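> Here is the input, now give the coordinates:
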Amino acid sequence: MALITLKGGSKYFGEECLFESLDFHIDEGERVGLVGVNGAGKTSLFKVLTGEMSLDSGNLFIAPTLKMGYMRQNIEYDSDKTIWEEVMAEFSSLLDIEKELDEIRLDLEKPEGVDEGKIKRQDYLMQCYEREGGFEYKSRAKGALIGLGFKEADFDRKFRSLSGGEKTRLLLCRLLLGKYDMLLLDEPTNHLDMSSIEWLEGFLKAYKGSFIVISHDRYFLDKTTNKTLGMSHGKITSYTGSYSDFIKKKDADDAARAKKYDLQKKEIKRLEGIIEQQKRWGREKNIKTAESKQKMIDRIAESMESPEEAEKAIRFSFNVKEGGANEVLTAEHINKAFGAKKFLSDAEMKIMKGERVFLIGDNGCGKTTLLKMILGQEAADYGVIRIGNGISIGYYEQQHMSLDPYKTVYDTLSDEYPFMDRTEIRSALAAFLFRGEDCFKEISSLSGGEKARVLLSKIMLSEANFLILDEPTNHLDIFSKEALEDALRSYEGTILAVSHDRYFINSTADKIYKMENGQLTCYNGNYDYCLEKTREQKLSAEAAEVKGGGLDYKKQKELAASIRKAENLISKTEAEIAECEAKIEELTNLMFSEEGSDADKAMTWHNEKTELEKRLSELYGIWEKAEEDLSRLSGN
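Below is the predicted model:
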């Protein structure tokens, strides 16, 4: 059943086209990722779906009973309520039932005697209370708040006292606890740490409704979505599958489109040669042939679809000063506390030349504090931090405080590198998409993504051989993230980065330090390796409980076997899904080919495609259930 259908949707701001002639539909049970560069029109499309903005042309159909919940990227809400009161507002009907039940209970305790009408009303209300989840809603609310990074001690804090990120997390919590058939989520992972993102992934996997999520978090999209809408150049393309599936299929489609376009151009050129030849001969028969060939050219030209222009993305590389010690960073017996809160306790870290090291951990565990200690901006309470000889540091700080808000983009670079001429500076800025008048914008007027690009341009020109990066992907769209990853993979220096972008970590890291409970634990691999090792350690710890009367050996073996079974089922199902999708695509192409004009063949292919689509739906159900089982068994 279609929940949302958009046909020919167009939206303009003045003469600027946000999107034009969009066609797509969202069916019941679909989990959709909406992706595209910053400014592609994704948030505007959400506002069209919620009715906040109207289309300039086209038709939008929304199922009449559909109840939508919308999480905005920017907070436009204020309240005097506490965190707990805000969340409880989602359960106003249950609170009303509780209030009425209390009143009935007090009435029935009075000496006047039993009121049969009130007893019936009490029975009815109890049934409603149970049906609507009255016995578990408070534990659900508490679990959601803790899952999204709040502590029980925070529950009495006023909404107005919260930071912007905390307000966003609280409103996300309310939305997730509400009874909606469709969720519209605009960058829901922006203010979440890894633990909270993983909790949200688990929630969305178990969510019974449909959702559309705007996100630049590719790992999150791969974990939660089964359909992808790509917005680009005012158009939209729809693909079955996660973000990674979308990229593979889109690249293949783009290559096929480009090849077809080139063949069509060659055919037109060939036909034009024939026309030219026929005109030279000039006989009546030749003229008719020329006219026939011109009609063929017109038909081809009318059907031609030029390859889509590549999205504008930053393109750069880091130059590196030669030399520097092999032992880039050594930290020994580091202790750090602020008041009663201890961030590090006898922690150690070692980074060698050429390593790409990532520091991960929950928000507030002290990652940025550790970076500041390495940079000498913060002192350790105890311990030694040594930077190797000949090491020059390039630092990307996530708040962009090192940028002077009153300088222009151009002056920021020219003042930092006075030996560079105007052409060199403009070329460097062009690599980060600052062209023309954009070079002379004041820093204070820039968006977070633009400030990120200015700071990256400064670091690129520094030729530092040790990059310390604090959440460098936070304000970047997917294309810019990929450009940064490419640059860092080819970088010949050493990297220490803080990030919660798991896709970025997976593609870049060769070592991870996990910061937890005041300790730094080293894993020689990327994020998936760290996750696997953490899981193994958890299983080993549970197995060790056998000696202390914890899990018995038999149960431990059963748990491990169940995890392997779920993992094997996921792998097997993913392979069958890929085969099924490839066959559906093949049949679709056949149906629209010249052979598809044969009605019998077309009907046979259509029937086969219908059966495959049914099987694909079943496979996605099997895959989602297996993912839920694996998450539950692994304790994630």
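> low-confidence ranges in the protein?
Applying pLDDT under 70 to the chain flags residues 112-114, 306-314, 541-556, 592-593, 596-600, 635-636.
> Can you tell me which residue is spatially central in it?
Nearest to the mean C-alpha position of the chain, by Cα atoms, centre = their mean, lies D217 at 2.3 Å.
> Apart from its neighbours in sequence, what residue is nearest that residue?
T189 (4.8 Å; Cβ to Cβ, 6 or more residues apart in numbering). Yep, even glycine has a C-beta here, placed from its N, CA and C like the rest.
> so how far is T43 from the one you found?
Using Cβ to Cβ, to the nearest Å, T189 is found at 15 Å from T43.
> Could you do D56 as well?
With Cβ to Cβ as the criterion, D56 and T43 are 17 Å apart.
> Tell me which of these two has more neighbours.
Using other Cβ atoms under 10 Å, the more surrounded residue of D56 and T43 is T43, with 20 against 14.
> which residues does L429 contact?
With contacts defined as Cβ atoms under 8 Å, 6 or more residues apart in numbering, L429 is in contact with 409-410, 413, 435, 438-439, 457.
> swap that for A63, sorry
By Cβ under 8 Å, 6+ apart, the contact set of A63 is 1-4.
> Among the residues you listed, name the buried ones.
Among those, those that count as buried by neighbour count (16 or more other Cβ atoms under 10 Å) are 3-4.
> residues near G525, how many?
Neighbours of G525 (other Cβ under 10 Å): 15.
> if I've got this straight, it is in a helix?
No - per DSSP: H, G, I helix; E, B strand; the rest coil, G525 lies outside any helix segment and is coil.
> my read: it touches T508, true?
No - between G525 and T508 there is no contact under Cβ atoms under 8 Å: 11.9 Å.
> Ignoring the adjacent residues along the chain, who's closest to E624?
Here the residue nearest E624, using Cβ to Cβ, 6+ apart, is K205, at 6.3 Å.
> wait, L488
Closest to L488 by Cβ to Cβ, 6+ apart is T508, at 5.3 Å.
> same thing with A325?
G388 (2.9 Å).
> Kindly report the same for M373.
Among residues not flanking M373 along the chain, A380 sits closest, at 5.4 Å (Cβ to Cβ, 6+ apart).
> Would you verify that the one you found is located in a strand?
No - per three-state DSSP, A380 lies outside any strand segment and is coil.
> would the residue nearest to E624 count as being in a helix?
Yes - counting by three-state DSSP, K205 is part of a helix.
> what about it, neighbour count?
15.
> what does L108 give?
For L108, using other Cβ under 10 Å, the count is 14.
> got it, and E579?
Using other Cβ under 10 Å, E579 has 13 neighbouring residues.
> who's in contact with it?
E579 neighbours (Cβ under 8 Å, 6+ apart): none.
> Can you give me the buried ones in the helix or strand that contains K572?
Using DSSP states H and E, K572 sits within helix 553-591. Neighbour-count burial for helix 553-591 flags 556, 559, 563, 566, 569-570, 573, 576-577, 580-581, 584, 587, 590-591 (criterion: 16+ other Cβ under 10 Å).
> got the contact list for the residue nearest to E624?
K205 neighbours (Cβ under 8 Å, 6+ apart): 223-224, 624, 627-628, 631.
> Report the separation between it and L539.
Counting by Cβ to Cβ - K205 and L539 are separated by 22 Å.
> Remind me which helix or strand the closest residue to H400 other than its chain neighbours belongs to.
Spatial nearest neighbour of H400, chain neighbours left out: K451 (4.4 Å); criterion: Cβ to Cβ, 6+ apart. Counting by DSSP H and E, the element that carries K451 is helix 448-462.
> Could you pull up phi and psi at G209?
phi -90, psi -170 (degrees, to the nearest 10).
> give the contact list for the closest residue to it other than its chain neighbours.
Of all residues not flanking G209 in the chain, D181 sits nearest, at 4.9 Å (Cβ to Cβ, 6+ apart). With contact taken as Cβ under 8 Å, 6+ apart, D181 is in contact with 3, 65-68, 209-210.
> Mind putting those into TSV with distance to E332 and secondary structure?
TSV is the format used below for those (distance: Cβ to Cβ, whole Å; DSSP: H, G, I helix; E, B strand; the rest coil):
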residue	distance to E332	secondary structure
L3	58	strand
T65	63	coil
L66	59	coil
K67	57	coil
M68	55	strand
G209	52	coil
S210	52	strand
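> Pick out the most distant pair among these.
Comparing all pairs in the contacts of D181 by Cβ to Cβ, the longest separation belongs to T65 and S210, at 13.2 Å.
> Between the two, which is the more surrounded one?
When T65 and S210 are compared for neighbours, S210 comes out ahead with 21 against 7, by other Cβ under 10 Å.
> What's opposite the more buried one in the beta bridge?
On the basis of DSSP bridges, S210 is bridged to M182.
> The chain should start at 6 in everything you say after this.
All right, first residue 6 from here; so that's S215.
> In this model L8 seems to touch it, though I could be wrong.
Yes - using Cβ under 8 Å, S215 is in contact with L8, at 6.0 Å.
> Please report how far the residue nearest to M378 lies from W286.
The gap separating A385 from W286 is 90 Å, by Cβ to Cβ.
> which of those two has more neighbours?
A385 (18 against 11).
> Provide a list of residues in contact with L175.
88, 91-92, 150, 153, 155, 164, 167.
> Please apply the same query to A158.
Contacts of A158 by Cβ under 8 Å, 6+ apart: none found.
> Give me the phi and psi angles of it.
According to degrees, to the nearest 10, A158 has phi -70, psi -20.
> centre of the chain versus the helix or strand L544 falls within, how much separation?
According to DSSP H and E, L544 maps onto helix 532-549. The chain centre lies 25 Å from the centre of helix 532-549; the measure is Cα atoms, centre = their mean, to the nearest Å.
> how far off helix 558-596 does it point, in degrees?
150 degrees (axes from the mean of the first three to the mean of the last three Cα atoms, to 10 degrees).
> Determine the set of other helices and strands touching helix 532-549.
With contacts defined as 3 or more Cβ pairs under 8 Å, 6 or more residues apart in numbering; DSSP states H and E, the packing partners of helix 532-549 are strand 361-365, helix 507-513, strand 516-521, strand 524-528, helix 558-596.
> again, 10 Å this time
helix 199-211, strand 361-365, helix 507-513, strand 516-521, strand 524-528, helix 558-596, helix 604-639 (3 or more Cβ pairs under 10 Å, 6 or more residues apart in numbering; DSSP states H and E).
> would JSON lines of those with distance to A342 be doable?
Below are the helices and strands packed on helix 532-549 laid out as JSON lines (distance: least, Cβ to Cβ, whole Å):
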{"stretch": "helix 199-211", "distance to A342": "22"}
{"stretch": "strand 361-365", "distance to A342": "19"}
{"stretch": "helix 507-513", "distance to A342": "28"}
{"stretch": "strand 516-521", "distance to A342": "14"}
{"stretch": "strand 524-528", "distance to A342": "14"}
{"stretch": "helix 558-596", "distance to A342": "37"}
{"stretch": "helix 604-639", "distance to A342": "33"}
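> of these, which approaches A436 most closely?
helix 507-513 (19.8 Å).
> coming back round to it: contacting residues around the residue nearest to H405?
404-405, 408, 410, 414, 448-449, 480 (Cβ atoms under 10 Å, 6 or more residues apart in numbering).
> which residues in the stretch 256-405 of the chain form strands?
Assigned by DSSP state E, counting those that start in this stretch, the strands in the stretch 256-405 of the chain fall at 332-343, 346-357, 361-365, 387-392, 398-401.
> winner for burial among the ones you listed?
Among those, ranked by average contacts under mean count of other Cβ atoms under 10 Å, first place goes to strand 361-365 (a mean of 23).
> Okay then, goodbye and thanks.
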